[in-house]
Every structure is written in C-alpha cells, then in structure tokens.
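>>> Fold the following.
(2 chains)
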2 protein chains.
Amino acid sequence: MKMDSIHQQIQVAFRYPLHFTTGVFDPANPLLGRVIGDDADRSPAPVVFVVDRGLLPGHPDIVAAIERYCEAHREVVALAAPVLLVPGGEAVKNDWHHVADIHRLIHRGALCRHSYVIGVGGGAVLDVVGFAAATAHRGIRLIRIPTTVLSQDDSAVGVKNGINGYGKKNFLGTFATPWAVINDSSFLPTLHDRDWRGGISEAIKAALIRDPDFFDFIERHAAALKARDLPLMEEVVRRSAVLHLTHIAQGGDPFEQGSSRPLDYGHWSAHKLEALTDYRMRHGEAVGIGIALDTTYAHLTGALGEAEWRRVIDVLQAVGLAIYTPELSEHLDDPDDPRGVLAGLAEFREHLGGELTILLLNGIGRSFDCHDIDTAMMILSIEVLRRRSAADTQRA
Amino acid sequence: MKMDSIHQQIQVAFRYPLHFTTGVFDPANPLLGRVIGDDADRSPAPVVFVVDRGLLPGHPDIVAAIERYCEAHREVVALAAPVLLVPGGEAVKNDWHHVADIHRLIHRGALCRHSYVIGVGGGAVLDVVGFAAATAHRGIRLIRIPTTVLSQDDSAVGVKNGINGYGKKNFLGTFATPWAVINDSSFLPTLHDRDWRGGISEAIKAALIRDPDFFDFIERHAAALKARDLPLMEEVVRRSAVLHLTHIAQGGDPFEQGSSRPLDYGHWSAHKLEALTDYRMRHGEAVGIGIALDTTYAHLTGALGEAEWRRVIDVLQAVGLAIYTPELSEHLDDPDDPRGVLAGLAEFREHLGGELTILLLNGIGRSFDCHDIDTAMMILSIEVLRRRSAADTQRA
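Residues are numbered from 1 along each chain as shown, chains lettered A, B, ... in the order given. A predicted model of the protein is given here:
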C-alpha cells in the first residue's frame, strides 16, 4: 500500500460589531440602516425579519414599527418578505418546523449570502434564527437584536446557534458569527420579573470566572438590580457582554475545538434542570442554581473558602435568583438515571466532546478545570442548598 | 437615543491532512486507525460509518471489510452503531431524510464532538454526511473517504457540504473543515466510465485557472486518461487536489465571504444543467460543458485567443467529456425563463451572494472576474458548441 500526506492549514478571520442603542426601530435612529447600508453590495439590500411573539404584549406595535422603519430607510433596506412571528421561549427550539419556516422565508425572499436575516427576540428565538441563517446558502448575514437581559449579556453576543433534538439541548447547531449585534436597552423595561432577573445569572457567571471587580459591582447593587434599576442593568449587560466577547476572542478556542469551556460554568446541571422541568425553568434561572451548586461543591471539596462561598450564594439570592429547586434532589441513587440531575454530567460531556471538564472556582475571579466529579460530594452539595433554601423560606 | 459600539475580531485556525493510500480498509493498513487514534482523547474513540450504496456493485464486501477493520483496530476504533448505507448520486441530496437518518445515527451512537463520523463514497454522499456531521453538536469530527475521481480531486478535499432544497442546488449547507481526508486510489478502477471521466473536468478547471503546466500534462495524456490509465489518473487527482487545497488556504477567502469564486469556473451553467436534466447529467459532466461554454464565451468576446480556445475544447473531448447537450439550447428567448440555462446566472448569483461574478479566461492559467454577461453572446456561444458537437458526431 502507498501512503503519504499533505497538511492543509486555514486561517479564517471574522469580525462583527456589538452596538448599544435605544429605540432601534424608531425611524429617526440611523443605526440599523447604517449596519445594512454600509456594507450592502446591492442597495437596497434584501432583508427578512423573524420576531419573537413574546414581544407582542409589551410591544404590540412592533411589526408595524419594523415596516415603518424599512419604509423610512427604503434606499438601503428592502423588506423581501412579510415579518415572520415565531413563539418565544425554549419551546421554539424543540420544533424543527420553525427552522424550516425560516428557510422557506429565505427561499421565497430570494435572499443571497450577502442579504440579511434579522432576528428580534430572546435567546431561544435568536438560536433558531441563527441556525436557519447559518445553514441557508452556507450562511446568510445575521443581525441579532436581542431583547432580554440574558440574550443581551450572553448568548446573542457569541458565536453559537442551535435547536434541541432527541431530548438533547442544542443537539443541532453550528458555530457561526453574526454580521452584527444590536443591544437595545429600551426592550428591557417590558420584561417580566423572571426574565429581568434570570439574565443576571450569566453576568454573575462571567464575573465569577473572569472579573472580581464586576462581581463586587453586582454585589453592591444587588438590591437595586432586583428592584429594576435600568441604568444599573445597562451597565451589567454591557460589562457581561464585553467579558463574553473578550473570552471568545482571546480564549484561544472560539469554536470550541478543545475540551475546556469556562463560559459554561454551572451549565451542566442548568441544562439538565431545564430538560427535567420541561423547560418551565428558564435558562437564566437554571444557570443561577447551577452556579450555586458548583460553587457549593467547590467549597465542600476544599477548593473555595467559606466566605467566598457565602458571597456567591448571597448575591444570587439578593438579585432574586433561586439557589435550589426540588428536581435537584430527585433520582440521585443512580448517577446514570436520566431522570436525575447527575445524568447531566454525562450529557454535558457528550455535547461538548472529549474529556469531562467542569470548571470550578478557587476564588472570586479564579478557577480551574476539574475532570472528575465526586458524586457523593455533589449529592451533599445539593443537600446543603436544599437546607439553606428551606431556612431562607422559613425566615421570609 | 444612545449609540456606541464594540468591535469583535476572531481568528479561527483549522488544520486537516489529506492522505493518499490504497486499501484503506485492509486490516494491515494502519492509516485510518492512526488518524483516529493519534488524536482521540478517549480510546477507543466512538465512530460511525455512512457508506454510499453505489459502492456495493464494485465492492460487495465493503461493510464487512469496515467491520473487520474496526475489529482489528479495536484498541482505537469503536463502531458505535451499525454501518449506515445511503443511496449514491445527486438524488441523496434532494431528500432531507438522509440527513435526519445520520443525525439519528449520531444520537443513538451517543457521539460527542470529539467522536468521528466517517463518510465513504462519492461527492454527493460526502456532502450529505458532511452537513449532518457539521450540524450535530455544532460539529463532530468528519473523516471523508472519497471514492470517485470528482470527489478525490475536488469536492472532498474542500470546506463545503450541502444538500439541495426548494429546487436550489446546495440551498442548505455550511462551511466546515473535515478532520481528515483519505484518498484511496483503489476505489477508482471499479468506477463506471462516466464517473471516471466526469471527475477529470474539475482537474481541467483547476489547471485552466491556476496551472498551465498541469493543463499541458492533461493534454499530453488525454488519450491514456480516457483509456483508464490508473497511475496517470492518480497523478491528475493529486495535482488537482493540491491546487484546490492551495486555493482554499491561500486565496484569502476560504469561507467565501466575498463575491469572487475562481473554483466555480464554468459552474453557473453546470449547476443549472444538472437541475434541468433532473440530475441525469452528473456534476463532472455538467462542469465539462460549463467549461466549454464559458471558454467559448471568452473567445467570442475577444478575451481568449482562438488557439487557446481550441486547446480547451479539444482536451475536454479527448478525455471523453461532452461539450454540448441539447438542454443548453432550450428556452433561450427569455433569459429569466427558469427552464432555460440562462436563468442559471441569476441563481448562481443568489447562491453565492453579492454581485454577479463570473470568472473568464484570458489565457491558459490566466483569468479575470466578469460582472456583466452579454446574453446574446452567450446564446451565440451555445450555438457554436452545438455546431461543433454536431460536426464531431458526424465525423465519428
């Protein structure tokens, strides 16, 4: 037999801006028109919009506002198809047909790779829109307009998309950079309390692994954040988004070819809790519990001091996040029981690939990779959180 | 309104080897085991195989051979699911269910991002397998084992995958690098004549746009290539594959974010002819005609001299490729008639995005981008090919 080899090396550069604004669909706001017009090689550029139906109660006028915006900026933006509304929340990621609907929209609008798909909504909707845009014509330009704290401070500024399949979160998806992201803080005041608070967990996560000053900031302003102080939340969103962008650009592995995933701190149990609650628990809420759990585990195994452990638990509760849910304590006798949270460890490894790699804290802003989780100690961590949560409930 | 921006920049590095071998599934051949074993962080690594059913007549034993190979190399390779057979040829790209079947295989095999999907077959099968692998867990390692001239000298060494949708070729797909490509020349002798010859068109294309010496080589050995000289074909495959790899790595735009597409020389009409013939015409055959057409257009518009034009037409015919098919001459009165080849210009632009950009030759190994095609001159080019082909048929 013959044998010889050629080694191919490719470097691909991606760039995208994250813009901060208010009133993105106000016809007087030039931002979106500029984002499209500055780089369109056909003017006006064909554009389709996919909008989260969950926005309608707070923004009943949004479809008309989008149409008015396109009309006002018709020299650069050409609405190639009617605005498509899709359901909001994780449910949208469980049904392949929403992806097919967006593909059909792209087909009917005769969009090309230099046209624009604009997603407006929470992280789940943007995940679906991103997957559809990334797979049509091998990638149509995607503009994300995230409307929740969670999507503005975390998921929408990153390089992932995905939908769920076979009961596995994000089973289908790709790594794909957006063309641009526009964070419009005027969407935040209309959020329900659960969505306002839920997104703070990802900011706490980013602070815990990367930025102790930011953790101090959240700690100091926890009560005001819980009480819906908008300027403070804008600051939290911005600092969290920048931490996420910086990690992706400078972490050395933007498309996650290796095994280490610091941005997934607390996520192994969070993903599992979402599935165990049939997604009644939202991602941000589940991440809050996941942070509480892995921080407690780090404390009980001796990696993290008690004072720091208390600070983390306290800040989660102070911003209004739960640190425990009864699903955590179910089906723990068999670590492989798919109805128990511990099965989330194996599922997390399968999704990310390679060796099991769980990030643990050994300080605020300091962390290390752990490849072996002691199941008995994790069960004890759950029990600690259960008691702490019960005590707080009694006090309240 | 407020407005400010952060600019994100990401560099992603991709590497993959192209190996040349014979008898890849001979248990004594260590190559595939090494490709998997050298980098697996779990040993043995879970692996699934998707095999082109079109291989069975020439290789009735292939599934058993794969199983024997995995058994012989069981310390590094663990077959995670039974070998999946899928239909060969372009038809496989027209049916989403084959992608879903591969996703289900990946799910059932509990593959992670560091596991392996191995596709064995022609370019169409590898396109489908590649799309499924690229979208499961945001990209599972893909090993391509192309078995036709076309896939070995062109498509399988590149960074694309895709399936057809809404009557549009490659409407769904991504850019994704393989983990490794293994060109096994022992598959080539069992090809039908059509598949043996068809793949030469992509080599001629690569030579025409990049390498006049390689064009001379093909010209000199055209008769022997047509007569199925295997060592010569191995040389053609290797030189063509290297030209493709080099363009992708050094062309400055591996994931085609711009508008220029030199590797798609002759492809606007080729893609359309495939669709117009319901894919009875194979990609390589259609590319041969596409090269003849755009080379004739360049000659008639004065860009390319007559002697060079004749060399191109002659070499296509000498290796056994057609330069004309009656579908070229149908429905030419309306350039937008979707039943006519001219509609392929607009469809090509839509697929690639941006401005219409057609590469034309102004010499052997020299080319330029053209953004405006003269329809009347293109119709005349078709007529020239029709007459030339008819004259040759009469002579024969």
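
>>> Could you use CA atoms for every contact and neighbour count after this?
Noted.

>>> in stretch A:203-217, what counts as buried?
Buried residues in stretch A:203-217, defined by neighbour count with 16 or more other Cα atoms under 10 Å in any protein chain shown: A:203-212, A:214-216.

>>> okay if I get those as JSON lines plus pLDDT and distance to chain B?
Shown next, in JSON lines, are these (pLDDT from 0 to 100; distance: Cα to the nearest Cα, whole Å):
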{"residue": "A:203", "pLDDT": "98", "distance to chain B": "18"}
{"residue": "A:204", "pLDDT": "98", "distance to chain B": "21"}
{"residue": "A:205", "pLDDT": "97", "distance to chain B": "21"}
{"residue": "A:206", "pLDDT": "97", "distance to chain B": "17"}
{"residue": "A:207", "pLDDT": "97", "distance to chain B": "19"}
{"residue": "A:208", "pLDDT": "97", "distance to chain B": "22"}
{"residue": "A:209", "pLDDT": "95", "distance to chain B": "20"}
{"residue": "A:210", "pLDDT": "94", "distance to chain B": "18"}
{"residue": "A:211", "pLDDT": "97", "distance to chain B": "19"}
{"residue": "A:212", "pLDDT": "98", "distance to chain B": "22"}
{"residue": "A:214", "pLDDT": "98", "distance to chain B": "18"}
{"residue": "A:215", "pLDDT": "98", "distance to chain B": "22"}
{"residue": "A:216", "pLDDT": "98", "distance to chain B": "24"}
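
>>> For the residues you listed, give me CSV that also has distance to residue B:303.
CSV is the format used below for those (distance: Cα to Cα, whole Å):
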residue, distance to residue B:303
A:203, 60
A:204, 63
A:205, 61
A:206, 59
A:207, 61
A:208, 63
A:209, 61
A:210, 59
A:211, 61
A:212, 65
A:214, 63
A:215, 66
A:216, 68
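
>>> and which of those residues is nearest residue B:289?
Of all these, residue B:289 sits closest to residue A:206, with 56.3 Å by Cα to Cα.

>>> right, and that closest one touches residue A:242 too?
No - Residue A:206 is beyond contact range of residue A:242, at 9.6 Å (criterion: Cα atoms under 8 Å).

>>> What parts of the stretch 1-150 of chain A come near chain B?
A:1-23, A:29, A:41-42, A:107, A:110-115, A:134-139 (Cα under 8 Å from any Cα of the partner chain).

>>> Write a ChimeraX command that selects only the buried members of the residues you listed.
The buried subset of the residues of the stretch 1-150 of chain A next to chain B, as determined by 16+ other Cα under 10 Å, is captured in ChimeraX by this line:
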select /A:8,10,11,14,16,17,18,19,20,21,22,29,107,110,111,112,113,114,115,134,135,136,137,138,139
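
>>> Keep only those of the residues of the stretch 1-150 of chain A next to chain B that are in strands.
A:3-21 (DSSP state E).

>>> May I ask which helix or strand encompasses residue A:248?
helix A:230-250 (DSSP states H and E).

>>> same for whichever strand or helix holds residue A:316, what does it pack against?
Assigned by DSSP H and E, residue A:316 falls within helix A:306-318. Judged by 3 or more Cα pairs under 8 Å, 6 or more residues apart in numbering or on different chains; DSSP states H and E, helix A:306-318 is in contact with helix A:222-226, helix A:283-300.

>>> Mind picking out the helix or strand in chain A with the poorest mean pLDDT?
Within chain A, no helix or strand scores below helix A:343-352, which has a mean of 88 by mean pLDDT, DSSP states H and E.

>>> and that one, does that touch chain B?
Yes - against chain B, helix A:343-352 shows contacts by Cα under 8 Å from any Cα at A:349, A:350, A:351, A:352.

>>> who wins for neighbours among the residues you listed?
residue A:352 (24 neighbours; other Cα atoms under 10 Å in any protein chain shown).

>>> dump the residue contacts of it.
A:259, B:112, B:113, B:137 (Cα atoms under 8 Å, 6 or more residues apart in numbering or on different chains).

>>> How confident was the prediction at residue A:202?
Residue A:202 carries a pLDDT value of 97.

>>> Tell me how many other residues surround it.
Residue A:202 has 30 nearby residues by other Cα under 10 Å.

>>> Now do the same contact list for the nearest residue to residue A:152 once chain neighbours are set aside.
In this structure, residue A:152 finds its nearest non-sequential neighbour in residue A:146, 5.4 Å apart by Cα to Cα, 6 or more residues apart in numbering or on different chains. Neighbouring residues of residue A:146 by Cα under 8 Å, 6+ apart: A:119, A:120, A:121, A:122, A:123, A:126, A:152, A:156, A:181, A:182, A:183, A:184.

>>> ok, the fifth one touching residue A:151?
Spelled out, that is residue A:123. Yes - at 4.7 Å, residue A:123 counts as touching residue A:151 under the criterion of Cα under 8 Å.

>>> coming back round to it: quick one: which of the contacts of residue A:146 sit in strands?
A:119, A:120, A:121, A:181, A:182, A:183, A:184.

>>> correct me, but the fourth one touches residue A:18?
Yes - between residue A:181 and residue A:18 a contact is recorded at 4.7 Å, counting by Cα under 8 Å.

>>> any common contacting residues for the two?
residue A:157.

>>> Excluding sequence neighbours, find me the nearest residue to the residue nearest to the spatial centre of chain A.
Residue closest to the average C-alpha location in chain A (Cα atoms, centre = their mean): residue A:155, at 2.8 Å. Spatial nearest neighbour of residue A:155, chain neighbours left out: residue A:123 (6.2 Å); criterion: Cα to Cα, 6+ apart.

>>> ok, now residue A:27?
That would be residue A:69: by Cα to Cα, 6+ apart, it lies 4.9 Å from residue A:27.

>>> which residues does the one you found contact?
Contacts of residue A:69 by Cα under 8 Å, 6+ apart are A:25, A:26, A:27.

>>> Which helix or which strand is home to it?
Short version: residue A:69 belongs to helix A:62-72, going by DSSP H and E.

>>> So which elements touch the next helix or strand after that helix?
Sequence-wise, the next helix or strand downstream of helix A:62-72 (DSSP H and E) is strand A:77-79. Using 3+ Cα pairs under 8 Å, 6+ apart, the elements in contact with strand A:77-79 are helix A:31-37, strand A:45-52, helix A:62-72.

>>> which one of the ones you listed is the most hemmed in?
strand A:45-52 (a mean of 24; mean count of other Cα atoms under 10 Å in any protein chain shown).

>>> Direction included, what does that strand pair up with?
strand A:77-79 (parallel), strand A:84-86 (parallel), strand A:116-121 (parallel) (DSSP bridges).

>>> how many degrees apart are the longest one and strand A:180-184 in direction?
To tie it back to what came earlier, the one meant is strand A:116-121. When axes from the mean of the first three to the mean of the last three Cα atoms, to 10 degrees is applied, the directions of strand A:116-121 and strand A:180-184 differ by 30 degrees.

>>> what is the rounded mean pLDDT of strand A:116-121?
98.

>>> export the helices and strands packed on strand A:77-79 to CSV and tack on mean pLDDT?
As requested, the helices and strands packed on strand A:77-79 are arranged in CSV below (pLDDT from 0 to 100):
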stretch, mean pLDDT
helix A:31-37, 95
strand A:45-52, 97
helix A:62-72, 98
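
>>> In TSV: the ones you listed, plus distance to residue B:283.
Output for those, formatted as TSV (distance: least, Cα to Cα, whole Å):
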stretch	distance to residue B:283
helix A:31-37	36
strand A:45-52	30
helix A:62-72	41
